[in-house]
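Novice: Attaching a predicted model along with its sequence, questions to come.
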Amino acid sequence: MKQTMTIVLLAVMATLLFRATAQAQEEWVYKAPIPTGRAYVACSVLDGSIYVIGGGISRTEGSAAVERYDPETDTWDVTIASLPVPLFAPASATANGKIYVMGGKSDYYSTGGYAAVYEYDPIQNAWSEKASMPNGRSHLTACALGGYIYAIGGRIGDHISVKTVERYDPLSDTWVTMDSMQQARANILAQVVGDKIYIVDGIGDGLSSVESYDPATDNWKLEDNPPPAVGYFGSATYGGKIYVYGGINNTSPTASQDFFEFDPETAFGENIGTIPEKKAMCANAVVGNRLYAITGALEPFFIPSSPPATTASVIMYEFEPSAEGWYLKPITTPRAYSASGVVDGKIYVIGGAYSVTEISNVVERYDPETDAWQNRQSLPEPIHGAAAG
């Protein structure tokens, strides 16, 4: 039976070259809500799962809860061992297959920041205490780079932001004090891009600024063109860029829904959209090409409402499900002057010429779903410069 082919191209060289349209998902998708809604949490990704750790259920109640989210099944596991103590506004990072949680305090009103560090072993499903930070504090951030964990910024006393930076070695269980940030910052999220650490905005001196840290020189540098001033925000890194969303800006205490992108390479930041609901002090994680913004508060805890409204929602943003750009997919048999067509969603490349004197009878089929080439029955005789129809 004759099948009609739609002509898509008339020459194929060594590669299939195609352009994907700009269809990066522009909407956030709601996923299974977290069992325990709270804010000021720590969050880490381990073995493809997201751990939401501690936080504040209210101004007066810190949480010891640890809940694990599986992005593949969109389910929560509440059987994870709780923290040894409730921790409000701690920080966490992963290293060597374990999660490390540090700092925090008992509740929103407490002025005493903890220095304790706890290690979570997923095999044992248990926490153990490790060497304490040199300086106890809450509202800090942490990240892993080069086998070390960096504890950065935070608050001490009565909401005093600090420039403190300390480095932890999980193998030796020791701490070293590093070069301080140029500006005091709290309620921040460290992001690693390449071999540097970036801190965007924050509460304290650092509003509307970006600092980068080079561990090779132990030096902090103020970057150009930061996104608008924001604190208590969500943040994540994907594809070498830093994304900032929600939080509060410098002109209003009302939580924002803005979604910003900052490119450290070009020092260029821009607003790329909005998130579907207000989120401040939320958990943030990237698994694969998906960004998850989890739980948090609808308004910062210092807003005089009683009680502050937390959310159990989980929203997901997918980066580049069909990103704009050109892509190369090598064909099995490179040639020119081929005919081609599309049947049932698959691309056929037919005949062609290898050189001025050598003609081909090869027929190959490309399946965009599997991104694979397959040889089909050859033509009765070599042909080039033809069209399929």
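Specialist: All right, it came through fine.

Novice: Identify the spatial nearest neighbour of the residue positioned nearest the centre of the chain, chain neighbours not counted.
Specialist: In the chain, the C-alpha nearest the mean C-alpha coordinate belongs to V286, at 3.2 Å (Cα atoms, centre = their mean). Nearest residue to V286, sequence neighbours excluded (Cβ to Cβ, 6 or more residues apart in numbering): A236, at 4.9 Å. Yep, even glycine has a C-beta here, placed from its N, CA and C like the rest.

Novice: Check N96 too.
Specialist: Excluding its sequence neighbours, the residue lying closest to N96 (Cβ to Cβ, 6+ apart) is P170, at 5.6 Å.

Novice: that older thread, so in terms of bridging, what pairs with the residue nearest to V286?
Specialist: Beta-bridge partners for A236, by DSSP bridges, are Y243.

Novice: ok, it - contacts?
Specialist: 189, 191, 242-243, 284-286, 291 (Cβ atoms under 8 Å, 6 or more residues apart in numbering).

Novice: E166 is in contact with N135, correct?
Specialist: Yes: using Cβ atoms under 8 Å, N135 is in contact with E166, at 6.9 Å.

Novice: Now do the residue nearest to N96, the pLDDT please.
Specialist: In this model, P170 is scored at 98, pLDDT.

Novice: That one and A216, how far apart?
Specialist: From P170 across to A216, the span is 20 Å (Cβ to Cβ, to the nearest Å).

Novice: Of the two, which one has the most company?
Specialist: Taking other Cβ atoms under 10 Å, P170 and A216 do not tie; P170 has more neighbours (20 against 8).

Novice: Roughly how far does that one sit from S49?
Specialist: P170 sits at a distance of 20 Å from S49 (criterion: Cβ to Cβ).

Novice: who's more crowded, N135 and E166?
Specialist: The residue with more neighbours, out of N135 and E166, is E166; 21 against 17, by other Cβ under 10 Å.

Novice: Excluding chain neighbours, give the residue nearest to that one in space.
Specialist: A151 (4.8 Å).

Novice: To what extent is the closest residue to K130 other than its chain neighbours buried, counted in neighbours?
Specialist: Excluding its sequence neighbours, the residue lying closest to K130 (Cβ to Cβ, 6+ apart) is V117, at 4.5 Å. V117: 24 surrounding residues under other Cβ under 10 Å.

Novice: quick one: V117 and C282, what's the gap?
Specialist: In this view, V117 and C282 are 23 Å apart by Cβ to Cβ.

Novice: Ok, I123 next?
Specialist: Distance, I123 to C282, by Cβ to Cβ: 28 Å.

Novice: ok, the two, which is more surrounded?
Specialist: The neighbour comparison of I123 against C282 (other Cβ under 10 Å) goes to C282, with 32 against 7.

Novice: ok, back up a step: would you agree the residue nearest to N96 is in contact with I99?
Specialist: No: P170 sits out of contact with I99 when judged by Cβ under 8 Å, with a separation of 10.6 Å.

Novice: Which neighbours do the two have in common?
Specialist: Common neighbours of P170 and I99 are listed as E119 (criterion: Cβ under 8 Å, 6+ apart).

Novice: Secondary structure element holding the closest residue to V244 other than its chain neighbours?
Specialist: Leaving out its chain neighbours, the residue that sits closest to V244 by Cβ to Cβ, 6+ apart is F260, at 4.5 Å. In this assignment (DSSP states H and E), F260 forms part of strand 258-263.

Novice: thinking again about what came up before, what pairs with the helix or strand encompassing the residue nearest to the centre of the chain, parallel or antiparallel?
Specialist: Assessed by DSSP H and E, V286 sits inside strand 283-287. With DSSP bridges as the test, strand 283-287 is paired with strand 290-294 (antiparallel).

Novice: what's the angle from the partner strand to strand 258-263?
Specialist: Taking axes from the mean of the first three to the mean of the last three Cα atoms, to 10 degrees, one finds strand 290-294 and strand 258-263 inclined to each other by 140 degrees.

Novice: Now the closest residue to I383 other than its chain neighbours. Its backbone dihedrals?
Specialist: Distances taken as Cβ to Cβ, 6+ apart place G351 nearest to I383, at 4.1 Å, with adjacent residues excluded. When read as degrees, to the nearest 10, the backbone of G351 gives phi 60, psi -150.

Novice: low-confidence ranges in the stretch 101-250 of the chain?
Specialist: 202-207, 225-230, 249-250 (pLDDT under 70).

Novice: can we see that at 90?
Specialist: Scanning the stretch 101-250 of the chain for pLDDT under 90 picks out the ranges 112, 158-159, 187-188, 200-210, 222-235, 244-250.

Novice: and which of the contacts of A236 is nearest G273?
Specialist: Y243 (10.4 Å; Cβ to Cβ).

Novice: May I ask you to confirm that that closest one is in contact with L291?
Specialist: Yes: under the criterion of Cβ under 8 Å, Y243 makes contact with L291 at 6.7 Å.

Novice: Where do the domain boundaries of this structure fall?
Specialist: Using automatic domain parsing, the domain ranges for the chain come out as 1-21+324-389, 29-318.
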